[in-house]
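K.L.:
generate coordinates for the sequence data below:
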Amino acid sequence: MGYAITKKYIRHGNARPGHKLTGPIFGVAHDTGNPGSTAHGNRNYFNSQQPSASAHTFIDDKYILEIIPLDEKAYHVIYNVTTDNRRYGDDANDAAIGVELCYGGNINFDEAYARYVWYFAYLCDRYGWDPDEDITGHSKLDPERKTDPENALNQNGVSFQQFINDVKRELDGEGIASSTDDELLQKGDNGSKVEQLQEDLMAAGEELPRFGADGDYGSETVEAVKAFQARHNLTVDGIAGPNTMKKLKEVIKDMTQQKPNESHKEAWEWAQEKGLLNGKDPRKPITREQMSTVMMRLYKKLK
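P.N.:
Okay, the predicted model is just below:
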């Protein structure tokens, strides 16, 4: 199967200098070394703290999250090791894509690992890499200091060679699919996309009573997104990711086409059958004079 790739790039700084990458020639498999930390949590850390280290992509059990464009450098292997130069003729930071596996805590390893394998297969498909030759582990490049990704893989009964074999199986199968460029919006974001999200939330029936569509993804917007997610059986995290945005578009489309909400459909059809409503505009707000007409109709029916 294929997975969505969410691109939510961090701002420029120490972690993302914006320098162009050579190739990319190969990929380096990492794990975060921080059990329980999520893809978004890592993204937020690198975006706000801007350490002189980074990776291109973080993967947990819900997201494949690219935080640095794949044609830019990320600092995921120290420069003074020489294994990468001997094997690939260049430094990993200058010519490789770094991918981090999130694990531990509440993260479902099987789901995260499936995305990790798929993503490396996707990279091999995209760049013409040979998994046996062009995927290496951080520990393979810097064995005296690093144990990733075996640190996370071995805890869950997976060897590095099994990981490579799984990538090859995924690459040879029918699971490779094109990525999607779904945007992800979350607390702290601002701008026109947030404003559109807020307008859509209100159109879908959620409330933003204090600030409305102000373009600022604050606590009120988080709560509105959570309410929408709960109402439509989505993961309730307050983040407007691909699934939430897709469902929101569906709801808005249904409203534009004047289809009744499923939770009110039975009552709507009953009201039409009894002659209380005229069958038009099921989601259009009703005025007090219109309500008076409905009440009068109901009174006559009951009389």
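
K.L.:
gap between the longest helix along the chain and the chain center?
P.N.:
As assigned by DSSP state H, the longest helix anywhere in the chain is helix 109-127. The gap between where helix 109-127 is centred and where its chain is centred comes out at 15 Å by C-alpha atoms, centre = their mean, to the nearest Å.

K.L.:
in that helix, what counts as buried?
P.N.:
Buried residues in helix 109-127, counting neighbours by 16 or more other C-beta atoms under 10 Å, are found at 109, 112-124. (Each C-beta comes from the backbone N, C-alpha and C, glycine too.)

K.L.:
go on, stretch 151-170?
P.N.:
Neighbour counts using 16+ other C-beta under 10 Å place N151, A152, L153, V158, F160, F163, I164, D166, V167, K168, E170 of stretch 151-170 among the buried residues.

K.L.:
kindly report the same for stretch 41-57.
P.N.:
By 16+ other C-beta under 10 Å, the buried positions in stretch 41-57 come out as N42, R43, N44, Y45, F46, N47, Q50, A53, S54, A55, H56, T57.

K.L.:
pLDDT averaged over it - what is it?
P.N.:
Per-residue confidence for stretch 41-57 averages out to 97 on the pLDDT scale.

K.L.:
what lies in contact with it?
P.N.:
The set of residues external to stretch 41-57 that reach it, using C-beta atoms under 8 Å, 6 or more residues apart in numbering, is 8, 10-11, 13-16, 30, 32, 34, 58, 64-70, 74-76, 97-100, 102, 119, 188.

K.L.:
again, but for stretch 9-24
P.N.:
The list of residues contacting stretch 9-24 from outside it, by C-beta under 8 Å, 6+ apart, reads 43, 46-47, 49-54, 66-75, 90, 94-97, 127.

K.L.:
which of those residues fall within helices?
P.N.:
Taking DSSP H, the ones among the contacts of stretch 9-24 that sit in helices are R43, F46, N47, Q49, D94, A95, Y127.

K.L.:
and the residues you listed, which is closest to G215?
P.N.:
The shortest approach to G215 among the ones in helices among the contacts of stretch 9-24 belongs to N47, at 18.9 Å (C-beta to C-beta).

K.L.:
quick one on the thing from earlier: inside strands: which ones of the contacts of stretch 41-57?
P.N.:
Among the contacts of stretch 41-57, the ones falling in strands (DSSP state E) are H30, F58, I64, L65, E66, I97, G98, V99, E100.

K.L.:
and those as CSV, adding distance to N85?
P.N.:
As requested, these are exported to CSV (distance: C-beta to C-beta, whole Å):
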residue, distance to N85
H30, 19
F58, 26
I64, 29
L65, 29
E66, 26
I97, 17
G98, 16
V99, 20
E100, 22
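
K.L.:
between those residues, which is nearest Y3?
P.N.:
For the ones in strands among the contacts of stretch 41-57, the nearest to Y3 is I64 (5.6 Å; C-beta to C-beta).

K.L.:
who touches the closest one in this structure?
P.N.:
Residues in contact with I64 (C-beta under 8 Å, 6+ apart) are Y3, A4, I5, T6, A39, T57, R115, W118, Y119.

K.L.:
same check on R169?
P.N.:
The contact partners of R169, taken as C-beta under 8 Å, 6+ apart, number zero.

K.L.:
measure it to G98 for me?
P.N.:
Computed as C-beta to C-beta, to the nearest Å, the R169 to G98 distance reads 23 Å.

K.L.:
with just CA atoms, put stretch 145-155 into PDB.
P.N.:
Provided in PDB are the C-alpha atoms of stretch 145-155 (Å, rounded to 0.1, in the frame of the first residue of the first chain):
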ATOM      1  CA  ARG A 145      29.300   6.600  18.600                       C
ATOM      2  CA  LYS A 146      26.000   5.500  17.100                       C
ATOM      3  CA  THR A 147      23.600   2.500  17.400                       C
ATOM      4  CA  ASP A 148      20.700   3.700  15.300                       C
ATOM      5  CA  PRO A 149      18.500   2.500  13.700                       C
ATOM      6  CA  GLU A 150      19.300  -0.900  15.200                       C
ATOM      7  CA  ASN A 151      18.600   0.600  18.600                       C
ATOM      8  CA  ALA A 152      14.900   0.800  17.700                       C
ATOM      9  CA  LEU A 153      14.800  -2.100  15.300                       C
ATOM     10  CA  ASN A 154      16.400  -4.700  17.500                       C
ATOM     11  CA  GLN A 155      14.100  -3.800  20.400                       C
END
